[in-house]
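K.L.:
Sequence plus predicted model, see below.
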Amino acid sequence: MKLVVNAYLSILIEGVAETMELADRLGIGHQQLAEVIEGGPLDAPLADAKFHKMDRGDFAAEFPLEWALKDVDLVIGAAGGQAPPMLAALSGQWHAAVAAGYGREDNQRRPPGPG
């Protein structure tokens, strides 16, 4: 159960991070995005908390990326030979982030990337 819940958590937090990155690329302010999401059916308390933490640039570890990656890789290993596609992609991305020195930062960290 723990691995399943941590897989959900990892996908949720990565979704928040990628949504914020996309908003930045499209010139949509974080406050505007928050106003659209908060209080509606897409609002989740954990995602909201992480959103505001990321918005402040606060990457102090609550759950370090290297620990989240360990769980993602354990999920992939337990998946019976067929890695869930989103988690497989996430594992690759997070391995690169850990290799770049972000492993001890919070699992919400979005390292600089191309594009």
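P.N.:
Received, thanks.

K.L.:
From here on, just use CA atoms for contacts and neighbour counts.
P.N.:
Will do.

K.L.:
Helices of the chain, start to end?
P.N.:
Applying DSSP state H to the chain gives helices spanning 2-25, 30-37, 45-55, 65-78, 85-97.

K.L.:
Please point out which parts of the first one sit buried.
P.N.:
Under the neighbour-count criterion of 16 or more other Cα atoms under 10 Å, helix 2-25 has N6, A7, L9, S10, L12, I13, E14, V16, A17, M20 buried.

K.L.:
Also the fourth one?
P.N.:
Across helix 65-78, burial judged by 16+ other Cα under 10 Å covers L65, E66, A68, L69, D71, V72, D73, V75, I76.

K.L.:
my read: the first one touches W94, true?
P.N.:
Yes - A contact is recorded between L65 and W94 when judged using Cα atoms under 8 Å, the distance being 7.4 Å.

K.L.:
now for the chain, which residue lies nearest the mean position of the chain?
P.N.:
E14 (2.1 Å; Cα atoms, centre = their mean).

K.L.:
Please report how far that residue lies from F63.
P.N.:
13 Å (Cα to Cα, to the nearest Å).

K.L.:
sorry, back to before: just send the helices of the chain back as TSV, with mean pLDDT and distance to D106 too.
P.N.:
Below are the helices of the chain laid out as TSV (pLDDT from 0 to 100; distance: least, Cα to Cα, whole Å):
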stretch	mean pLDDT	distance to D106
helix 2-25	92	10
helix 30-37	94	19
helix 45-55	90	10
helix 65-78	94	5
helix 85-97	94	11
